[in-house]
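Fold the stuff below for me.
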Amino acid sequence: SHYPPPDSFNLTEPSKRPAARLCGPVFATSSLEAQIIRLEGSGVFDESIIEFPRFAPFTAAGYFVAHSDFLREVPFDPFLPWIFMGEEIIMSARLWTHGYDMFSPTISVLSHIYVRRHKPKFWESVQRVYHPGVHNPLQMLVLNRIKYQLGYPEASKDMIWPQSILTAVDQYTMGTERPLADYLANIAGLNMMEKKVIRGAHWCDSGQPPKGFEQFANLYN
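Predicted structure coming up:
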């Protein structure tokens, strides 16, 4: 998984350039995103094409390839409508805690039209059905479901309102193969209590395996 290049990228000769990796999280500063994790550290960190895909800390919505079994084991949460920012960090955490390892591709095989200035967006569709301005408060409400699962202190169970936001949350939450605390500290590099990026996923941009996966370091040479 990674963010593919924009549609201006020439894919006729993709093997001449290494693909980007998605390494850097930030806590959102926009008042409309409630300090949810944004994934912004996408870049080409390799000087040449590598033989083996590198471990990745995150799953990106722009390019996400997996065996269909994951849909049974880590199904998409139907109680997260109107979510844009936030879907990637919750899916990444859920996949990792269910035992899935994430990797970045070695080359780019498709591109993405990122801007689409003259095309409709999903939040505009919501406003057509209801009324202008309805999307943002709905998003803020539903974001609490994600923040609760990731351990934001302001979204603890006794502070969530309405409690219906947590409907069936245990069916669509973290796995039991690996602890969330390990993912946040060692893979993503996040401190949810203090809203700090702790060196981020520094192992990712430096081209090293994450903590706990040092046995694969020989593949990184």
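
Off-centre distance for the helix or strand of the chain with the lowest mean pLDDT?
Least confident helix or strand of the chain, by mean pLDDT, DSSP states H and E, is helix 122-129 with a mean of 79. Remark: helix 122-129 is offset 24 Å from the chain centroid, using Cα atoms, centre = their mean, to the nearest Å.

And for stretch 32-46?
8 Å.

Any idea how far apart the tips of that stretch sit?
35 Å (Cα to Cα, to the nearest Å).

ok, residue 80 - how many residues close by?
For residue 80, the neighbour count with other Cβ atoms under 10 Å is 16. In this view, the C-beta of every residue, glycine as well, is placed from N, C-alpha and C.

buried stuff in the helix or strand following the least confident helix or strand of the chain?
Counting by DSSP states H and E, the next helix or strand C-terminal to helix 122-129 is helix 135-150. Across helix 135-150, burial judged by 16 or more other Cβ atoms under 10 Å covers 135, 139, 142-150.

Same check on stretch 206-214?
208-210.

would CSV of the buried residues of helix 135-150 with distance to residue 35 and pLDDT be doable?
Output for these, formatted as CSV (distance: Cβ to Cβ, whole Å; pLDDT from 0 to 100):
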residue, distance to residue 35, pLDDT
135, 19, 83
139, 13, 89
142, 15, 94
143, 9, 96
144, 12, 96
145, 15, 97
146, 11, 98
147, 8, 98
148, 13, 98
149, 15, 98
150, 11, 98
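
nearest to residue 86, of those?
residue 146 (4.7 Å; Cβ to Cβ).

In contact with residue 209, which residues?
Contact analysis of residue 209 by Cβ atoms under 8 Å, 6 or more residues apart in numbering lists 55, 203, 215-217, 219-220.

For PyMOL, what selects the buried ones among those?
Here is the PyMOL selection string for the buried members of those, based on 16+ other Cβ under 10 Å:
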select buried, resi 55+203
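
circling back: in the least confident helix or strand of the chain, what's buried?
Applying 16+ other Cβ under 10 Å to helix 122-129 flags residue 126 as buried.

Output it in PDB with nothing but the alpha carbons.
Presented in PDB, the C-alpha positions along helix 122-129 are these (Å, rounded to 0.1, in the frame of the first residue of the first chain):
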ATOM      1  CA  PHE A 122     -18.800  12.600  -1.500                       C
ATOM      2  CA  TRP A 123     -19.400  15.300   1.100                       C
ATOM      3  CA  GLU A 124     -21.200  17.300  -1.600                       C
ATOM      4  CA  SER A 125     -23.500  14.300  -2.200                       C
ATOM      5  CA  VAL A 126     -24.400  14.300   1.500                       C
ATOM      6  CA  GLN A 127     -25.300  18.000   1.300                       C
ATOM      7  CA  ARG A 128     -27.500  17.400  -1.800                       C
ATOM      8  CA  VAL A 129     -29.500  14.800   0.100                       C
END
